[in-house]
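Novice: Dropping the sequence and predicted coords here.
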Amino acid sequence: MSRNQARRSRDQLRRKVSRNMMVIFAAVFFIGMFIQIAMVARLMHQNKQIEALEADIKEWNARTENLELALSQFKRLDRVTEGAARLGMEEPTKDQIRVINVPDIVEDTSAQSAASGAGE
């Protein structure tokens, strides 16, 4: 009987070890799956952030293009001429054109006025 008991004891020990190994394997497997799912979720979140930023970039590029178009329209000489004509402006004659040299550094311009004649 002592052989049978020893054999049973070994079988029980093998079953316990086998059961423990299965539990450890299952735990490692589920931990690995959890980590993988967490990584996929993080990647999906980052992907959504990237897509949102790309949409913002497209929107800002469109705004930039619209502003550049509007700016180019304001710079057109024919438009400026039309606006001047609407306001009653006329081309100056040569005797109406004055060239004024302004010094590079003006210490205090608050006291100067057009009537003082300092600028001519």
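Specialist: Noted; the coordinates are in hand.
Novice: In which helix or strand does Glu90 reside?
Specialist: Under the criterion DSSP states H and E, no helix or strand holds Glu90.
Novice: And it, how close does it get to Gln96?
Specialist: 10 Å (Cβ to Cβ, to the nearest Å). From N, CA and C alone the C-beta is placed, and that goes for glycine too.
Novice: tell me the SS of the residue nearest to the spatial centre of the chain?
Specialist: The structure's the chain has its C-alpha centroid closest to Leu53; by Cα atoms, centre = their mean the separation is 5.5 Å. Here Leu53 is recorded as helix under DSSP: H, G, I helix; E, B strand; the rest coil.
Novice: related to what we said a few turns ago, overlap in contacts of Glu90 and Gln96?
Specialist: With contacts taken as Cβ atoms under 8 Å, 6 or more residues apart in numbering, Glu90 and Gln96 have no neighbour in common.
Novice: which residues sit in contact with Ile50?
Specialist: Contacts of Ile50 (Cβ under 8 Å, 6+ apart): none.
Novice: Secondary structure element holding it?
Specialist: With DSSP H and E as criterion, Ile50 is part of helix 2-75.
Novice: Between helix 2-75 and whatever helix or strand comes next after that helix, find me the angle.
Specialist: Next in sequence after helix 2-75, counting helices and strands by DSSP H and E, comes helix 77-86. With axes from the mean of the first three to the mean of the last three Cα atoms, to 10 degrees as the basis, helix 77-86 and helix 2-75 are set at 50 degrees to each other.
Novice: Any idea how far helix 77-86 is from the middle of the chain?
Specialist: 39 Å (Cα atoms, centre = their mean, to the nearest Å).
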